[in-house]
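Enquirer: Sequence below, structure please.
(2 chains)
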Amino acid sequence: DAGVIQSPRHEVTEMGQEVTLRCKPISGHDYLFWYRQTMMRGLELLIYFNNNVPIDDSGMPEDRFSAKMPNASFSTLKIQPSEPRDSAVYFCASSFHTGANVLTFGAGSRLTVL
Amino acid sequence: GQQVMQIPQYQHVQEGEDFTTYCNSSTTLSNIQWYKQRPGGHPVFLIQLVKSGEVKKQKRLTFQFGEAKKNSSLHITATQTTDVGTYFCAGPPGGGADGLTFGKGTHLIIQP
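Expert: I've put the predicted structure just below:
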């Protein structure tokens, strides 16, 4: 398996623009997580899905953030409109639940909002 | 909510010296996991500890889970330049939720 695949790896955009980040989890993994990493706040869980269904989105910072998982092999995280404080690395991770979530992370999407 | 604290935030060592990072949870954990993130990279799973008092070793790395299952440590013997990175501990968030709550990590900087 190629692992968790994220795109784009880098995104530079201007404030107010829409940003869409994409993730392909490992085949067979039934959990998908979106994390955000900043120097100040570390790794924060934004939202996670189980069998394509959003389970907990309490970490999503604002209504400007939304996430979808239309099928088992694809998820998106969208920010609209983007703001400079959204600049961070966004990681997607997937796991196969066997009593504990051992996460496999993608390479991340580094977002810079000017 | 549950909090996971790690100390120190940064650790500078000379190559060949030992390194230890400590992790404390505000709640009892069913398991604790450790991840390593190289500079510019992504977190990579190292190990999971489940039992009270458990000790596991991976070559020069020794992981411990406290008796009360609220704290853990990672010790590296004779550090090498390949050990550079950030080491995170993480535990289940509690309340039946899935996923992991991560500590803020310990950045290991090695001077040759």
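Enquirer: Next one: residue 19, what pLDDT does it get?
Expert: In the absence of a named chain, this looks at chain A. Note on A:V19: pLDDT of 98.
Enquirer: Oops, wrong one, chain B.
Expert: Predicted confidence (pLDDT) for B:F19: 97.
Enquirer: can you pull the contacts of the most centrally placed residue in chain A?
Expert: Residue closest to the average C-alpha location in chain A (CA atoms, centre = their mean): A:W34, at 3.2 Å. Going by CB atoms under 8 Å, 6 or more residues apart in numbering or on different chains, A:W34 touches A:C23, A:L45, A:L46, A:I47, A:Y48, A:A67, A:S75, A:L77, A:Y90, A:F91, A:C92. In this view, the C-beta of every residue, glycine as well, is placed from N, C-alpha and C.
Enquirer: nearest residue to it other than its sequence neighbours?
Expert: Spatial nearest neighbour of A:W34, chain neighbours left out: A:L46 (4.5 Å); criterion: CB to CB, 6 or more residues apart in numbering or on different chains.
Enquirer: Okay, and that neighbour sits in which element?
Expert: strand A:42-50 (DSSP states H and E).
Enquirer: What residues sit buried inside that strand?
Expert: Across strand A:42-50, burial judged by 16 or more other CB atoms under 10 Å in any protein chain shown covers A:G42, A:L43, A:E44, A:L45, A:L46, A:I47, A:Y48, A:F49.
Enquirer: One more: stretch B:46-56?
Expert: Buried, per 16+ other CB under 10 Å, within stretch B:46-56: B:L46, B:I47, B:Q48, B:L49, B:E54, B:K56.
Enquirer: What of stretch A:24-39?
Expert: A:K24, A:P25, A:I26, A:H29, A:Y31, A:L32, A:F33, A:W34, A:Y35, A:R36, A:Q37.
Enquirer: One more: stretch A:94-106?
Expert: So stretch A:94-106, judged by 16+ other CB under 10 Å, has buried residues A:S94, A:S95, A:A100, A:N101, A:V102, A:L103, A:T104, A:F105, A:G106.
Enquirer: could you give the mean pLDDT of that stretch?
Expert: 86.
Enquirer: about what we covered before: give me the element the residue nearest to the centre of chain A is part of.
Expert: strand A:31-38.
Enquirer: what sits against the most centrally placed residue in chain B?
Expert: In chain B, the centroid-proximal residue (CA atoms, centre = their mean) is B:C89; its distance is 3.9 Å. Contacts of B:C89 were listed using CB under 8 Å, 6+ apart, and they are B:V4, B:Q6, B:T21, B:C23, B:I32, B:Q33, B:W34, B:Y35, B:S72, B:L74, B:F102, B:G103.
Enquirer: tell me, how many neighbours does the third one end up with?
Expert: Spelled out, it's B:T21. 24 (other CB atoms under 10 Å in any protein chain shown).
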